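Enquirer: Attaching a predicted model along with its sequence, questions to come.
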Amino acid sequence: MTNEELNQARTNPEFLEYLEKTRVDAIKTKNISALYEVLDSLLILDLDEEKINDVYENILKISFENVETIVNKGQKLKLEGDEHFYIRSFYEHAIEKWSCEDIEGAKELFFVLSNIVDDQKLVDALNVHSIACSQNYNLDNFYDKMVDTNCCEVEEKYGYFIIHFNINTKEYLEENSTTLKVLHNNLKHLLA
């Protein structure tokens, strides 16, 4: 969108009314896809920060409730439908913690996510994140040293996740298998 289009959207009363109605309805019905549509719109248009935080809190609440239900049934999350949004919200929450220097909290979320997701490519990437947290990388260092920022090849389902690195992921995971074992032993209580 151009700046002019953004300004038009920000001041279009019909669009803003639609956005507010969608927000209220999505919160009431716990519709996570609609909440993400509203959140993305609010962020792109740089609108009310209080509403952004409210929508994000509702997304996390819905995700945590539904993930608990799925995991308690002994199932893993797939990168499709609402489960994709649940995974995205956990991941974004972990990245947020990491960016706020809560490396331990981020590591715990990456660990839990890597154990409840049914997608090996994403699980491997999450394990790379966990290892980096275990080695006390801050998010900027991780991004600068490990993330392949030149890679444009991304399947849509992975669009919200960092999955491309400047390392051979399989080799890196093998080289750091001891770190992953220690991590698992220290954090397995989170899976109970």
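Expert: Cool, got the structure.
Enquirer: Can you tell me what sits against the one helix or strand residue 67 maps to?
Expert: Element membership of residue 67, judged by DSSP states H and E, is helix 49-72. For helix 49-72, contacts defined as C-beta atoms under 8 Å, 6 or more residues apart in numbering pick out 23, 26-27, 30, 32, 35-36, 38-39, 42-43, 76-77, 82-83, 85-86, 89-90, 93, 116. To be clear about C-beta, it is placed using only N, CA and C from the backbone, and glycine gets the same treatment.
Enquirer: On the C-terminal side of that helix, identify the next helix or strand.
Expert: Counting by DSSP H and E, what follows helix 49-72 is helix 81-99.
Enquirer: Give me the buried stretch members for that next one, please.
Expert: Across helix 81-99, burial judged by 16 or more other C-beta atoms under 10 Å covers 82-98.
Enquirer: hmm, back to that, what about dumping the CA coordinates of the helix holding residue 67 to PDB?
Expert: What follows is helix 49-72, C-alpha atoms only, in PDB (Å, rounded to 0.1, in the frame of the first residue of the first chain):
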ATOM      1  CA  GLU A  49      -2.000   0.900  20.400                       C
ATOM      2  CA  GLU A  50      -4.500   0.000  23.200                       C
ATOM      3  CA  LYS A  51      -6.600  -1.900  20.700                       C
ATOM      4  CA  ILE A  52      -3.600  -3.600  19.300                       C
ATOM      5  CA  ASN A  53      -2.600  -4.800  22.800                       C
ATOM      6  CA  ASP A  54      -6.200  -5.900  23.500                       C
ATOM      7  CA  VAL A  55      -6.400  -7.900  20.300                       C
ATOM      8  CA  TYR A  56      -3.000  -9.500  20.900                       C
ATOM      9  CA  GLU A  57      -3.900 -10.400  24.500                       C
ATOM     10  CA  ASN A  58      -7.100 -12.100  23.200                       C
ATOM     11  CA  ILE A  59      -5.200 -14.000  20.500                       C
ATOM     12  CA  LEU A  60      -2.800 -15.300  23.200                       C
ATOM     13  CA  LYS A  61      -5.600 -16.200  25.500                       C
ATOM     14  CA  ILE A  62      -7.500 -18.100  22.800                       C
ATOM     15  CA  SER A  63      -4.300 -19.800  21.600                       C
ATOM     16  CA  PHE A  64      -3.200 -21.000  25.100                       C
ATOM     17  CA  GLU A  65      -6.700 -22.400  25.800                       C
ATOM     18  CA  ASN A  66      -7.000 -24.300  22.500                       C
ATOM     19  CA  VAL A  67      -3.400 -25.500  22.500                       C
ATOM     20  CA  GLU A  68      -3.900 -26.900  26.000                       C
ATOM     21  CA  THR A  69      -7.000 -28.800  24.800                       C
ATOM     22  CA  ILE A  70      -5.300 -30.200  21.700                       C
ATOM     23  CA  VAL A  71      -2.100 -31.300  23.600                       C
ATOM     24  CA  ASN A  72      -4.200 -32.800  26.500                       C
END
